[in-house]
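Q: Model the structure of this input:
(3 chains)
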Amino acid sequence: MTRFVPSLFIAVLSLALASGAFAEGTLRIGMTAADIPYTGGQTDNGFEGFRFVGYQIYEPLINWDLSRSDKLPTLVPGLAESWEVSKSDPKKWIFKLRKNVKFHDGSAFNADAVLFTFDSIKNKQSPQFDQYGSAQISWRLSALKAMKKLDDSTIELETPTVTSFVPYQIVYMVIVSPAQWNKVKDWRKFAEQPSGTGPFKVTRFVPRERLEFEANKAYWDPKRTPKVDKLVLLPMPEPTTRLAALRSGQVDWIEVPPPDSIAQLKGAGFQIVTNKYPHNWGHILRLDKEPWNNKLVRKAANYAIDRVGICKNLLNDTCVPGTGVAYKGHPWFGNPKETYEHNPAKAKELLRQAGFDGASKRPARAVALISTSGSGQMLPLAMNELVQKNLKDVGIDVDLQPIEWNSLTQRFRIGFTGENAGVNALNISFNFLEPFSGFGRFFHSKSVPPTSVNIMPFVNPESDKLLDEAEKTFDLGKQDAILAKLHELVVDEAPWLFVVHDLNPRAMSTKVKGFVPPQSWFVDLTQVSITK
Amino acid sequence: MWGYVGRRLVLTIPTLLGASIIVFAMVHLAPGDPIAAVLPVDASKAQVEEIKKAYGFDRPLPVQYLKWLGHVVTGDLGKSIATRRAVILDVRDSLANSLVLAVSSSVLAFGAGIALGLLAAFRQGRALDKIASAIAVVGVSVPHYWAGIILIIIFSVQLNWLPAMGAAPDGGIVATLRHMTLPTIALALIPLGVIARVVRSAALDILAQEFVLALRAKGLAHRRVFAHVVKNAAPQIITVLGLQFGFQLGGSVLVEAVFSWPGTGYLLNLAIFQRDIPVLQGVILVLATFFVLLNLLVDVLQTFIDPRIARH
Amino acid sequence: MLLVAAHEISAIPGAPMSYWRTVAWRLARDRATLVAGTLLLLVMLSALLAPWIAPYDPNAGSIRLRLAPIGSASHVLGTDEQGRDMLSRLLWGGRMTLVAGLTPVVVAFLLGTVLGVVAGYAGGLTNTLVMRTMDVFYAFPAVLLAIAISGALGPGLPNTLISLSIVFVPRVVRVAESATVQVKGLEYLAAARASGAGVWQILRHHLLANVLGPVLVFASTQVSLSIILAAGLSFLGLGVTPPAAEWGLMLNTLRQSIYVNPVVPALPGLAIFVTSMALNLVSDGLRDAMEIRA
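A: The predicted structure follows:
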């Protein structure tokens, strides 16, 4: 404890000595995360970690193209210049790696680095096995069974079954520098001085407080070398704090401003940036018990919700109505029969067909587990109270059980058993980029717990068939069409309460130029510049 | 006298031990799985169990307690689950920040509180007494987190004079002072009120003593009376100062939450919601230890000033 | 704010001489305490009568009317972030807050007095055991202990009551024990024992009368702190759960809206402040009237 006083002294002294002036071209971002995501490679905090840390410091073999707002991001070459399924064995994929790429520490990127990273996730016996990082990411990498080096610039990947989803998974595995790791031989130390091939290099890491980067001037793609000199990330989980920080000029850009403040921010001259992306806020329903085991009741509930009211009045247009897993304009939307517009009369009619008269005969009470906050959960209390009211108005009674976000994610994991035995709906939001996280883990019969999170459980042979077919279809256009058909089936079955799609609102000062919001949770910060 | 000090010192050991048991019990009572909190929803059960083992959470509770205690006495508070950093480092950094706030807030509260209290006592019954006492009552009654929000509304949102959050780690001395202003005021309000009231009450007691009345009747200089009052009220004042400093250090959670001040309260809040058990145990234990030692210091100081005071 | 010192009472014609009557007589002359007491009574009455006097259902609201300012048509104190009437929520919230604030102190008063008197009267090993255990809890600043226990038990009104009771019991025990020890040493107690009075009689007549006074006064000073702590726990998300109306929780959920309409979010805090102040003034008056130097 005697160390405190000298530390305090040093802290005050360094505060006094610090110049306080930053170089021109510093972008400061206030994130919603409560803490700095893990910088050791396979990051945590879900997609938030990828967005600001994983994909800035590191890169995978295949990248997302995040340069366009008007269409969904496509997969483009990253650290691999090309990839293809082996003609002789459809369970083997050949990746040709990019040459002349260096890690931040100066060492060369090559096939050894890819194998090293693979082992750190998949091989418990390897000295570099990262228990924490592996737990974060390995569930996304089920198709990656083994990797073999064919030469310094060529890798062969072996999959357990024939699957076209490989590129969608490869995109989650970011490559770390073996040379840097071998200097410290410990992931926590590596996380303090990380080394990847990405457009930003870490310069300073203060746990729980800030992460500072500088532009990687030696980045292999001259078109994506960052336009800002420095980048600073600050965790700010409190919405009012973020707002205050932006308004007082402490940061240039904040994620998710409080929806109520948007009009004011616009008035004060800040830019509000939004875009659609595959995000879902809704309720996952329990399909094997009342009241949601009756499809008519599920459809009625979906027709009862005033989504426009939520988005306009509560969220100040930072969301759009959601009537399915995907949104209109997404290649997997298809043409579902049910449109789920706000139609209480239709809802009551559907309930009548199910045998409920809205007075003495009402469906069993819905008991919904909701959270009080959480990444991507938007304004859970306010929104759920509105949903509760909407459903009550057509004759479905809902009890809300708010618990804290971490508890919710854990209880989501165990499904509708144990602690959740009395619960029959669960409000959890998520976003998706590829077929497994969007559909596979929810709507395939083999995804029931403990394998994955089809907790409802949704067991539909037609759905299984479509998903299996999609996984075997290597032509992306044809794959999209199959998934669209699946989507139409899901919308019709209504295993969820579809409510809204978030629009990923951000507020930034007018000094921030060049940002293009993609239709994705991830962002490309390399094209952003700061004017005076 | 030294016997008394020695006895009190020895007594702190079982107190701290008991406190450590309570800390451990409280933290482990919490429902929910600490490891699962930092892993993605889809992580496999097997992986969760493995990481649990790595942290020793699979052992029975008394074993975990003894292991933890063993580490604590050597200064090792374990590793945070969220950051995998040594807890002692997190605690050290946040404690420094909380101390900055507690010290500045104490300076404000002690100075203003003592001044108000003495003013009220020496002008008893008159307008100044009423005003000072009113200020004191307001200070004691105000919910400090609400006061913080009001301060933000007035000085940050409407007037835009002062920043509303954080501790300005990248700024200079001026920026830090600006960031400290509002939280210092918010945190100082209750102690200010308590101190003012105690000082007033103690001073009045002494002034009411017959021989003081006699001294004043004989025309003793104000300064001598004042000095006499201060000297005799000192033990009580020191007790309350000590308690209030402890309140500001250990009770800063609410103010830190409002201002996002990165102190122990902020860390505690974060750790509760992240279910970061090692951090929770470490922070609470360190704060409790601080408080116990502070109480001890206050008791000892009191005894030095007025040896007549002997607690049983 | 003592108006009449004890040694002056006999000089005033018509002044009562028995102890409790003197207390009442003094209180009746203390204007500040009377005003505060009336205010407190009003607060408690309005909380009690909330179901009948609240203009709206505290949970009913229309999202389109959210954050209406004070003085709006049909919502005299505005609406909250869900469009619910603030006046109704404040009235109903008073019940929650007062319950959360008073109950722990009452529990602590009862439990603490018993424990403290037993420890003080018995002395020796019993005393050491009880007091050292209390010391352990005393090692934690109140706020910290409340938050730590609530963090462990989880949110919800019952858990909040338990957590705050645990915080206050040690304090009451200390006061009760200290008072008991003081009284025990008084001579007339030894005389009573010598005259053959039984333990129970002694306890009842002499001990309780002289111990209850200081304990009561002390407990009354803790109520305002308890209210602030209970509301503070809800503010942190560790107390009462939504959609309940409770002043601390309201302060939390309205905090986001201070940039849109700063006055409405200030109302629940104002309610806590006013109640707390009234409580403090009343307990001050009590202490002066009973001439207790705590």
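Q: pretty sure C:P155 contacts C:L236?
A: No: the criterion here is C-beta atoms under 8 Å, and C:P155 misses it with C:L236 at 9.3 Å. C-beta coordinates here come from the backbone N, C-alpha and C atoms, glycine included.
Q: The helix or strand where A:A244 lies vs chain B: in contact?
A: Under the criterion of DSSP states H and E, A:A244 resides in helix A:239-247. Yes: Helix A:239-247 reaches chain B (C-beta under 8 Å from any C-beta of the partner chain) through A:240-241, A:244-245, A:247.
Q: what helix or strand does the closest residue to C:V43 other than its chain neighbours sit in?
A: Of all residues beyond its chain neighbours, the one nearest C:V43 is C:T275 (5.2 Å), with distances taken as C-beta to C-beta, 6 or more residues apart in numbering or on different chains. Per DSSP H and E: C:T275 is located in helix C:263-290.
Q: Which neighbouring elements make contact with that helix?
A: If you count contacts as 3 or more C-beta pairs under 8 Å, 6 or more residues apart in numbering or on different chains; DSSP states H and E, helix C:263-290 packs onto helix B:127-141, helix B:144-151, helix C:19-29, helix C:31-48, helix C:86-122, helix C:209-235, helix C:247-254.
Q: so for the fifth one, what's the average pLDDT?
A: Meaning helix C:86-122. Mean pLDDT, computed over helix C:86-122, is 89.
Q: Could you pull out the buried residues of stretch C:235-245?
A: For stretch C:235-245, the neighbour count (16 or more other C-beta atoms under 10 Å in any protein chain shown) marks C:235-245 as buried.
Q: likewise stretch B:72-82?
A: B:72, B:77-82.
Q: tell me which element A:G249 falls in.
A: Per DSSP H and E, there is no helix or strand for A:G249.
Q: gap between it and A:K230?
A: Between A:G249 and A:K230 the distance is 16 Å, computed by C-beta to C-beta, to the nearest Å.
Q: near chain C, which residues of the stretch 301-450 of chain A?
A: The stretch 301-450 of chain A has residues A:309-310, A:313-314, A:372, A:381-382, A:385-386, A:400, A:402, A:404 near chain C, with proximity defined as C-beta under 8 Å from any C-beta.
Q: ok, 7 Å please
A: A:309, A:313-314, A:372, A:381-382, A:385-386, A:402 (C-beta under 7 Å from any C-beta of the partner chain).
Q: Next step: these restricted to strands.
A: With DSSP state E as the criterion, strands contain A:P402 from among those.
Q: Now do stretch C:229-241: everything it contacts.
A: Among residues not part of stretch C:229-241, those counted as contacts by C-beta atoms under 7 Å, 6 or more residues apart in numbering or on different chains are A:372, A:402, B:143, B:145, B:254, B:257, B:269, C:96-97, C:100-101, C:142-143, C:146-147, C:150-151, C:155-157, C:160, C:164, C:246-249, C:251-252, C:272.
Q: let's see 6 Å
A: For stretch C:229-241, the external contacting residues (C-beta atoms under 6 Å, 6 or more residues apart in numbering or on different chains) are A:402, B:145, B:254, C:96-97, C:100-101, C:146, C:150, C:155-157, C:160, C:246-249, C:251-252, C:272.
Q: What of stretch A:28-37?
A: A:43-45, A:48-49, A:52-53, A:208, A:211, A:232-237, A:242, A:245, A:251-256, B:82, B:270.
Q: Could you do stretch B:177-185 as well?
A: B:101, B:104-105, B:151, B:162-163, B:167-168, B:255, B:259, B:261.
Q: any residues touching stretch B:203-212, and which ones?
A: Contacts for stretch B:203-212 (C-beta under 6 Å, 6+ apart): B:118, B:121, B:229, B:232-233.
Q: Among those, name the ones in helices.
A: Among these, DSSP state H puts B:118, B:121, B:229, B:232-233 in helices.
Q: and of the residues you listed, the nearest to A:F109?
A: Minimum distance to A:F109 across these is 72.3 Å, recorded for B:L118 (C-beta to C-beta).
Q: Find me the pLDDT at the closest one, would you?
A: For B:L118, pLDDT reads 88.
Q: Just list the residues touching A:L157, thanks.
A: Residues near A:L157 by C-beta under 6 Å, 6+ apart: A:93, A:147.
Q: so it, which of the three states?
A: strand (DSSP: H, G, I helix; E, B strand; the rest coil).
Q: Repeat that for A:M147.
A: strand.
Q: Now do it: how many residues are near it, please.
A: Residues near A:M147, counting by other C-beta atoms under 10 Å in any protein chain shown, number 20.
Q: correct me, but it touches A:F118?
A: Yes: with contacts counted by C-beta atoms under 6 Å, A:M147 reaches A:F118, the gap being 4.7 Å.
Q: OK, contacts around A:D306?
A: A:342, A:390.
Q: Got the phi and psi for it?
A: Dihedral pair for A:D306: phi -90, psi 80, per degrees, to the nearest 10.
Q: Look up how far B:R85 lies from it.
A: Applying C-beta to C-beta to A:D306 and B:R85 gives a distance of 47 Å.
Q: repeat for C:G154
A: On the measure of C-beta to C-beta, C:G154 and B:R85 end up 27 Å apart.
Q: does A:R204 sit in a helix, a strand or a coil?
A: Assigned by three-state DSSP, the conformation of A:R204 is strand.
Q: Which strand residues bridge it?
A: A:E212 (DSSP bridges).
Q: centroid residue for chain B?
A: B:L249 (2.3 Å; C-alpha atoms, centre = their mean).
Q: who touches it in this structure?
A: Contacts of B:L249 (C-beta under 6 Å, 6+ apart): B:A102.
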